[in-house]
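Chemist: need coordinates for the following:
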Amino acid sequence: MKPDAEKFLDDISATRLTPTFEQQAGELRAVQAELDLIRKAVRHDVRGHLMNISGYAELLRDHSSVQLDDKARQYLERIISCTDKIVRALAEIPAAPRVSTTPLSGPGGQRSATILSHPKLP
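Modeler: Presented below is the predicted three-dimensional model:
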């Protein structure tokens, strides 16, 4: 049989802490959803605009390079190089860790725990 102090602490954690953890897990999920939207916007929208800039710079370089001086050709090469580097960097943005609330059973009854997982981790 458990001492009264341990039973009291189990009762407090089951009634007070579990809802707090669940609330925090819910808030964390909401923030995660917002970050996922931002990540998708950056990876998709910004990447698309950068690819357009690079494509137009390549067209200008390929079709008008004879008419451009060396300085203008250097500027175009710099635009193409920088946009390509950023597009590659955007493709390497890692996936966000996932948050889940998992039921656990142990002393004092059933509780839940907030678990962080990452797609690249086992």
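
Chemist: what's the neighbour count on residue 42?
Modeler: For residue 42, the neighbour count with other C-beta atoms under 10 Å is 12. No exception for glycine: its C-beta is placed from N, CA and C like everyone else's.

Chemist: in contact with it, which residues?
Modeler: Applying C-beta atoms under 8 Å, 6 or more residues apart in numbering to residue 42 gives the contacts 90, 93.

Chemist: roughly how far apart are it and residue 31?
Modeler: To residue 31, residue 42 is 16 Å away according to C-beta to C-beta, to the nearest Å.

Chemist: do the same with residue 56
Modeler: Relative to residue 31, residue 56 is positioned 37 Å away (criterion: C-beta to C-beta).

Chemist: and residue 41, by the same measure?
Modeler: Applying C-beta to C-beta, the value for residue 41 to residue 31 is 16 Å.

Chemist: what's the answer for residue 93, then?
Modeler: Between residue 93 and residue 31 the computed distance is 17 Å (C-beta to C-beta).

Chemist: per-residue confidence at residue 16?
Modeler: The model reports residue 16 with a pLDDT of 61.

Chemist: export the helix or strand where residue 41 lies as PDB, just CAs?
Modeler: For residue 41, the element it lies in under DSSP states H and E is helix 18-41. Provided in PDB are the C-alpha atoms of helix 18-41 (Å, rounded to 0.1, in the frame of the first residue of the first chain):
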ATOM      1  CA  THR A  18      -2.600  16.000 -16.900                       C
ATOM      2  CA  PRO A  19      -5.000  18.700 -18.200                       C
ATOM      3  CA  THR A  20      -2.100  21.200 -18.200                       C
ATOM      4  CA  PHE A  21       0.100  18.900 -20.200                       C
ATOM      5  CA  GLU A  22      -2.800  18.200 -22.600                       C
ATOM      6  CA  GLN A  23      -3.400  21.900 -23.000                       C
ATOM      7  CA  GLN A  24       0.300  22.600 -23.600                       C
ATOM      8  CA  ALA A  25       0.400  19.700 -26.200                       C
ATOM      9  CA  GLY A  26      -2.700  21.300 -27.900                       C
ATOM     10  CA  GLU A  27      -1.000  24.700 -28.000                       C
ATOM     11  CA  LEU A  28       2.200  23.000 -29.300                       C
ATOM     12  CA  ARG A  29       0.200  21.300 -32.100                       C
ATOM     13  CA  ALA A  30      -1.400  24.700 -33.000                       C
ATOM     14  CA  VAL A  31       2.000  26.300 -33.200                       C
ATOM     15  CA  GLN A  32       3.300  23.400 -35.200                       C
ATOM     16  CA  ALA A  33       0.500  23.800 -37.700                       C
ATOM     17  CA  GLU A  34       1.300  27.400 -38.200                       C
ATOM     18  CA  LEU A  35       5.000  26.600 -38.700                       C
ATOM     19  CA  ASP A  36       4.100  24.000 -41.200                       C
ATOM     20  CA  LEU A  37       2.100  26.600 -43.200                       C
ATOM     21  CA  ILE A  38       5.000  29.000 -43.100                       C
ATOM     22  CA  ARG A  39       7.400  26.200 -44.100                       C
ATOM     23  CA  LYS A  40       5.200  25.200 -47.100                       C
ATOM     24  CA  ALA A  41       4.800  28.900 -48.200                       C
END
